[in-house]
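Enquirer: sequence-free structure coming up:
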């Protein structure tokens, strides 16, 4: 079998068979990475005849499906539609380019075209180890053991709960937004950077990605210093200081970073095991706190303010008691960094088995568990420990003394801590950072928990920073950083990124003032949270067809609120750090904007830009002439399609008459579109024929990206009574649309769609009534008599009016009833649709337009009660397998449906009565040359070339029978649907006659509810990727 080769000779397209010697099927494909994939070739089995059309298949939608060589590609629209070439192949452009070079650093026009790495042997984590554990360890920081008691001492447990709740609100909203984004397609490595860049574009993604990676690198230093300070405190207590406190912190910190780096470089599996160990220690330490609160307090603990559970202490600690310069916002700013860390799981998205499922589940559950833990621990210490205590066991209340002042609860329990109002005490919630150690059942476990909290957070940040940085470098947004894109080993570990992170963290341990840098780091994290929320809002607001998150529990306005809250919290924590963060982000944004990286991710920013361009263009449709500059049409070569709505009209007839009518109606029609709030442009051309006018519109309509790529037209119901030229013109328009690679949508309704004669009659009646009213007013003003010169003119007008009224008078009852039904049908889609179904018969893979359009309908208010049902062609004996394949495909597209039905009997012979209807339909247009001799038959063909020949009927018998059979199964399964959508059959040029093609379309959609025939342009409009 001869195969077509591309111009460069690299890509082999086995989908097209130029000789027709064998059935055109796809072959099994072996990839260089060892993957073996078979594209289901059994179109013959499903439809009963050989066809080049492919059934929907998952491999056609893989943006990066192979390493090199050829891979599964659907036949192009050109291949399906062009004239058969018996003596040579037609020139078909490449569908894909698989040259094996990959795309690291060289982004191509194909969405997410980076070549996937070989994952065999790579370590992949589930939602518990990969997300839940990491997020909990990162959120449970030293705050839990060191500063939580101080927060509740200052704010009281009333406002303390508000502090924690507000923090959880911010993180939960961010978690919901992140869940929506990461379920909107396949998520690759890069975490927050990947989510933001694919949603808002490279400018936002590139700026936030760099500062987010840097923030994680510096956070390693912060957590390690926290660990080192605890170690040095222990050394100090045991008189084991090596040099001095500052240098000991540096020594311990550097040694710790080296050990953590070794653990990270050893592989994700070892790092994950270490995280599990640290989690166990941390859980034991938390349980130890709760256990300690019920162990009877010793005299020493009582002197330090711990009295077990007591209602007096609990009530006293309810109200706030802010000291010195503290207030609610300062306390909140100190606690909030503890709630961060929710991106720890998302940051290793490339190492997750199923990021779409793992990130939402793990992150939100981690926020819930840690939030409850913080609340539980805070309330427990508030019910057991007083705010201030001396620590002196002799400060006991003397007999008969009255209890008043600030330490009433302790006084009533027999302890006199009134001296704390005069001088600063060392114990109690407000003064002792080691309250948790005192409260716990076994003090050393709290120290172990502190070690665990700091080391786990440091380890998570040490892993996150290189992973995010590697993803940023792979996209080649900052060309100077591309060196760090290279990965090593089965897990594509960013060793170079690890070394860079190590250098940054060590530098800050040795020279950095962490107390100054801490608020900037917190603001860096908050900036990324704000953009995650804004990404979700922006994508929802753009209403792009590509925004189809599988996670539905989000709200665009809630996401916007989350973004605003994050921005407010940034200023609450530290105003100058917030300004620095914004300044750095703006500078990086400008840099990326100026450099214009060559990426095509299809971001929501592009969608909003497009919508804004359309709306702005619409608003200018009524612009005064003096505000318009020159608008130039330049013949400059090819352009690419994007999508737009144009309502077009072709004026057929003599040029002078057509132009006059067209120019007169231009402003009127655009004004009507604006008044009826139709987001569309009006375009018109004057031409000698309808087809030539449509061809001009198909080629010249639109501008740049604002160019239509889908033709919508109504079904020609009167094709059997229309002239031959009218049918040839109509079918010719379909051929032209296929030639220009337009998607084609055809709507058929039983009552038809043409109500122009009714509208024209109404306009005539209205005009006549206005003239009559004007004449009556004039007669009344003159006492019923006409004046001088205008008598004759008035009589003439009355005669004209009488003629108009008689012509436009009430039609016969049958016509009136038909007109009423037509008007009702034409307004059918203007009102809310009742509960029901939209039945999608996706028989041939056309790039996904047949599936995308009904999905978009279900997102609109008028169709929200209509559920999708999918029908596909299948083979006898493998219906369940075909159903599972389609279910998997829909899941990846994030498109939900109520049912998937596999029709495995499409290939059977239609019923005799159905075939008889078709025969009667085409009988007037058949040549019937079979009964004539050869010469006479040839003469008949030349005389009436448009007629259907016996040879044609024989050649396309199977495809003709398929349309009849499809109507039968449509009648059986979709008779009660609100709308039916069916894959449109394609007729090859110069092979299928116009009248036979019209018979196919007619018999396929006959006696059905409103039906849309759809054929995409065979370019993917659906993708797995976000």
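Expert: Noted; the coordinates are in hand. Since the structure is predicted, the reported quantities are computational estimates derived from the model, not experimental observations. Numbering: from 1, shown residues only.
Enquirer: tell me how far the nearest residue to residue 969 once chain neighbours are set aside lies from residue 968.
Expert: Closest residue in space to residue 969, ignoring its immediate chain neighbours: residue 903 at 5.6 Å, by C-beta to C-beta, 6 or more residues apart in numbering. Using the backbone N, CA and C atoms, a C-beta is placed for each residue, glycine as well. With distances taken as C-beta to C-beta, to the nearest Å, residue 903 is found 11 Å from residue 968.
Enquirer: more neighbours, those two?
Expert: residue 903 (21 against 16; other C-beta atoms under 10 Å).
Enquirer: for the more buried one, what are its contacts?
Expert: For residue 903, the contact set (C-beta atoms under 8 Å, 6 or more residues apart in numbering) comprises 871-874, 969, 973.
Enquirer: separation between it and residue 854?
Expert: For residue 903, the distance to residue 854 - C-beta to C-beta - is 18 Å.
Enquirer: just list whatever residues bridge to the residue nearest to residue 969.
Expert: Residue 903 forms beta bridges with residue 873, as assigned by DSSP bridges.
Enquirer: need the pLDDT of it.
Expert: Per-residue pLDDT puts residue 903 at 90.
Enquirer: quick one: it from residue 886, how far?
Expert: 12 Å.
Enquirer: and the one helix or strand residue 560 maps to, what's buried?
Expert: Residue 560 belongs to helix 556-573 when assigned by DSSP states H and E. Residues of helix 556-573 classed as buried: 556, 558-563, 565-567, 569-573 (neighbour count, 16 or more other C-beta atoms under 10 Å).
Enquirer: so for that helix, mean pLDDT?
Expert: Computed over helix 556-573, the average pLDDT equals 91.
Enquirer: for the stretch 1-150 of the chain, give me the ranges with low pLDDT.
Expert: 1-45, 48-50, 62-72, 83-122 (pLDDT under 70).
Enquirer: same thing but 50
Expert: Where the stretch 1-150 of the chain drops to pLDDT under 50, the residues are 1-42, 64-71, 86-118.
Enquirer: mind checking how far stretch 312-324 is from the chain centre?
Expert: 48 Å (C-alpha atoms, centre = their mean, to the nearest Å).
Enquirer: start to end distance for it?
Expert: Taking C-alpha to C-alpha, to the nearest Å as the measure, stretch 312-324 stretches 25 Å from start to finish.
Enquirer: equivalent analysis for stretch 476-489, please.
Expert: For stretch 476-489, the separation between the terminal residues is 21 Å (C-alpha to C-alpha).
Enquirer: again, but for stretch 923-937
Expert: 17 Å.
Enquirer: residues contacting that stretch, please?
Expert: 720, 940-941, 944, 946-950, 953, 995-996, 999.
Enquirer: do the same with stretch 434-446
Expert: Contacts of stretch 434-446 (C-beta under 8 Å, 6+ apart): 144-146, 148-149, 284-285, 288-289, 291-293, 295, 301, 304-306, 377, 380-381, 384-385, 428-429, 432, 447.
Enquirer: in it, which residues are buried?
Expert: Under 16+ other C-beta under 10 Å, the buried positions of stretch 434-446 are 434-440, 445-446.
Enquirer: what's the answer for stretch 503-522, then?
Expert: Buried residues in stretch 503-522 (16+ other C-beta under 10 Å): 504-506, 508-509, 512, 514, 517-522.
Enquirer: swap in stretch 171-187?
Expert: 171-187.
Enquirer: from those, which ones fall inside helices?
Expert: 171-182 (DSSP state H).
Enquirer: now, among these, which is nearest to residue 529?
Expert: residue 174 (4.6 Å; C-beta to C-beta).
Enquirer: these two touch, right, that closest one and residue 562?
Expert: Yes. Using C-beta atoms under 8 Å, residue 174 makes contact with residue 562 at a distance of 5.6 Å.
Enquirer: list the residues that contact both of those two?
Expert: 529, 533.
Enquirer: distance between the ends of stretch 986-1000?
Expert: 10 Å.
Enquirer: kindly report the same for stretch 669-688.
Expert: 22 Å.
Enquirer: buried stuff in it?
Expert: 670, 673, 680-687.
Enquirer: which two of the residues you listed have the greatest separation?
Expert: Longest span within the buried residues of stretch 669-688, C-beta to C-beta: 673 and 687, 22.1 Å.
Enquirer: re the thing from before, just send the buried residues of stretch 669-688 back as CSV, with distance to residue 912 too.
Expert: CSV is the format used below for the buried residues of stretch 669-688 (distance: C-beta to C-beta, whole Å):
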residue, distance to residue 912
670, 53
673, 49
680, 46
681, 50
682, 49
683, 48
684, 48
685, 47
686, 49
687, 45
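Enquirer: pick the one among those residues closest to residue 983.
Expert: residue 680 (26.0 Å).
Enquirer: can I assume that closest one is in contact with residue 670?
Expert: No. In terms of C-beta under 8 Å, residue 680 does not count as a neighbour of residue 670; the distance is 9.3 Å.
Enquirer: okay if I get the buried residues of stretch 434-446 as JSON lines plus distance to residue 835, secondary structure and pLDDT?
Expert: JSON lines is the format used below for the buried residues of stretch 434-446 (distance: C-beta to C-beta, whole Å; DSSP: H, G, I helix; E, B strand; the rest coil; pLDDT from 0 to 100):
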{"residue": "434", "distance to residue 835": "64", "secondary structure": "coil", "pLDDT": "82"}
{"residue": "435", "distance to residue 835": "60", "secondary structure": "helix", "pLDDT": "87"}
{"residue": "436", "distance to residue 835": "57", "secondary structure": "helix", "pLDDT": "88"}
{"residue": "437", "distance to residue 835": "63", "secondary structure": "helix", "pLDDT": "87"}
{"residue": "438", "distance to residue 835": "64", "secondary structure": "helix", "pLDDT": "88"}
{"residue": "439", "distance to residue 835": "59", "secondary structure": "helix", "pLDDT": "89"}
{"residue": "440", "distance to residue 835": "59", "secondary structure": "coil", "pLDDT": "88"}
{"residue": "445", "distance to residue 835": "60", "secondary structure": "helix", "pLDDT": "89"}
{"residue": "446", "distance to residue 835": "59", "secondary structure": "helix", "pLDDT": "88"}
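Enquirer: quick one: which two of these are the most distant?
Expert: 435 and 445 (14.6 Å).
Enquirer: returning to that earlier point: out of the buried residues of stretch 669-688, which comes closest to residue 551?
Expert: residue 680 (32.9 Å).
Enquirer: nearest spatial neighbour of that closest one, chain-adjacent residues omitted?
Expert: Using C-beta to C-beta, 6+ apart, the closest residue to residue 680 is residue 645 (4.2 Å).
Enquirer: distance of that neighbour from residue 748?
Expert: Taking C-beta to C-beta, one finds residue 645 at 20 Å from residue 748.
Enquirer: more crowded one of those two?
Expert: Counted by other C-beta under 10 Å, residue 645 and residue 748 do not tie: residue 748 has more neighbours, with 23 against 13.
Enquirer: ok, that one - contacts?
Expert: Counting by C-beta under 8 Å, 6+ apart, residue 748 has contacts 714-715, 717, 1001, 1005, 1008, 1010-1013.
Enquirer: same thing but 6 Å
Expert: Neighbouring residues of residue 748 by C-beta atoms under 6 Å, 6 or more residues apart in numbering: 715, 1005, 1011.
Enquirer: filter those residues down to just the ones in strands.
Expert: In this view, the contacts of residue 748 that belong to strands under DSSP state E are residue 1011.
Enquirer: from residue 720, how far off is residue 923?
Expert: Distance from residue 923 to residue 720, by C-beta to C-beta: 10 Å.
Enquirer: kindly report the same for residue 263.
Expert: 79 Å.
Enquirer: neighbour-wise, which of these two wins?
Expert: Using other C-beta under 10 Å as the criterion, residue 263 and residue 720 rank with residue 263 on top: 18 against 15.
Enquirer: ok, that one - contacts?
Expert: 270-271, 274.
Enquirer: among these, which ones are in helices?
Expert: Counting by DSSP H, those contribute 270-271, 274 to helices.
Enquirer: and which of those residues is nearest residue 482?
Expert: residue 271 (25.8 Å).
Enquirer: and for the closest one, the neighbour number?
Expert: Using other C-beta under 10 Å: residue 271 sits among 21 other residues.
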